[in-house]
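[1] structure of the sequence below:
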Amino acid sequence: MEISSKGKYYGSLNSEMSFNDILLTKYDYNEDRTPWHYHENPYFMFVLYGNMIDVNKKNKTLLSPGNLMFTNWQEIHYGEKHSKEAGGFHLELEKKWLKEYDVSSIDIEGSLHLENPFIKCLMNKVYLETKINDSHSLSSIELLILDIFNKMKNVQLEANSKKPNWVKKLYELIIDTEVDYSLSYLSKELNIHPVHLSREFHKYFGSTLGQYIRQLKLNKAIALILTKQYSMTEICYKCGFYDQSHFISNFKSIYKVPPTKFLRLIS
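    Have a look, this model is predicted:
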């Protein structure tokens, strides 16, 4: 069984940043399929372009641009390209860092496909900070990583708690970015009163309905920006924003830069 040492992934290293037992790398994936292996340290993989399949002993997960995967150090897996070209950003953490911040106490086993929109938003910000790379970026990245783990812990607690049946159905509805997100539509689909839905949403999703949907749309926008295949006008309407002004104001409220600057920074 192969073990991938610190900072080593299958492909060509594109860029690297290291500080305080945190390693951030960008790789172009050259191999169609890697051998079975595990990593010396836990890490996050954020797909930047192309499609990848991550396979472990339990699951096979297709990952497209903007998708996020956490893999713990003991997890045996292999990766497979599902497109001609693919590449990703890795955030790797040494066990010393995890111990220092008591992150190792979080019960995370194996691999996790992280679909929570707010966790993905935090990783988007980490990646953006590596591109801004100013005097505040290192401290910002470290704080964002801690936020990611705190959010992961909260999501795990929520996942293990008892929920009414409508919660799962609601998640399936709103994760589809083509659906009509109105409170009226969702309450009719779930056959529950809109006031009850509005009041209970935060309890099970950790935000208001509007915040959750807005973040889903922005994450989809980031994924489309990463492909570098669409104009901002196309992205605006594909993600369900009213117009470009609405798109830009929402984007800036979260990422502090307009989407055009985000694209310039990552290019």
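[2] and the average pLDDT for stretch 18-33 is what?
    Across stretch 18-33, pLDDT averages out at 95.
[3] where do the helices sit along this structure?
    In the chain, the helices defined using DSSP state H lie at 95-100, 117-132, 137-160, 165-174, 183-190, 194-205, 209-227, 232-238, 244-255, 259-266.
[4] okay if I get those helices as a markdown table plus distance to residue 43, mean pLDDT and mean neighbour count?
    For every residue, glycine as well, the C-beta is placed using N, CA and C. As requested, the helices of the chain are exported to a markdown table (distance: least, Cβ to Cβ, whole Å; pLDDT from 0 to 100; neighbours: other Cβ atoms under 10 Å):
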| stretch | distance to residue 43 | mean pLDDT | mean neighbour count |
| --- | --- | --- | --- |
| helix 95-100 | 11 | 92 | 14 |
| helix 117-132 | 12 | 97 | 21 |
| helix 137-160 | 11 | 91 | 16 |
| helix 165-174 | 27 | 90 | 15 |
| helix 183-190 | 36 | 90 | 15 |
| helix 194-205 | 27 | 92 | 15 |
| helix 209-227 | 19 | 94 | 20 |
| helix 232-238 | 29 | 95 | 16 |
| helix 244-255 | 23 | 97 | 16 |
| helix 259-266 | 20 | 95 | 16 |
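[5] can you tell me who the closest residue to residue 111 other than its chain neighbours pairs with across the strands?
    Leaving aside its chain neighbours, residue 111 sits nearest to residue 71 (4.8 Å; criterion: Cβ to Cβ, 6 or more residues apart in numbering). Assessed by DSSP bridges, residue 71 has beta-bridge partners residue 43, residue 111.
[6] need the contact list for residue 71.
    Counting by Cβ atoms under 8 Å, 6 or more residues apart in numbering, residue 71 touches 39, 42-45, 54, 77, 110-111.
[7] go with 10 Å
    By Cβ atoms under 10 Å, 6 or more residues apart in numbering, the contact list for residue 71 reads 38-39, 41-45, 54, 56, 77, 79, 90, 92, 108, 110-112.
[8] and the pLDDT for it?
    pLDDT, read off for residue 71, is 93.
[9] could you measure from it over to residue 83?
    20 Å (Cβ to Cβ, to the nearest Å).
[10] surely residue 73 touches residue 95?
    Yes - between residue 73 and residue 95 there is a contact under Cβ atoms under 10 Å: 7.5 Å.
[11] shared neighbours, these two?
    40-42.
[12] can you turn the buried part of those into a ChimeraX selection?
    Remark: buried members of the shared contacts of residue 73 and residue 95, expressed as a ChimeraX selection using 16 or more other Cβ atoms under 10 Å:
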select :41,42
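[13] thanks a lot, see you next time.
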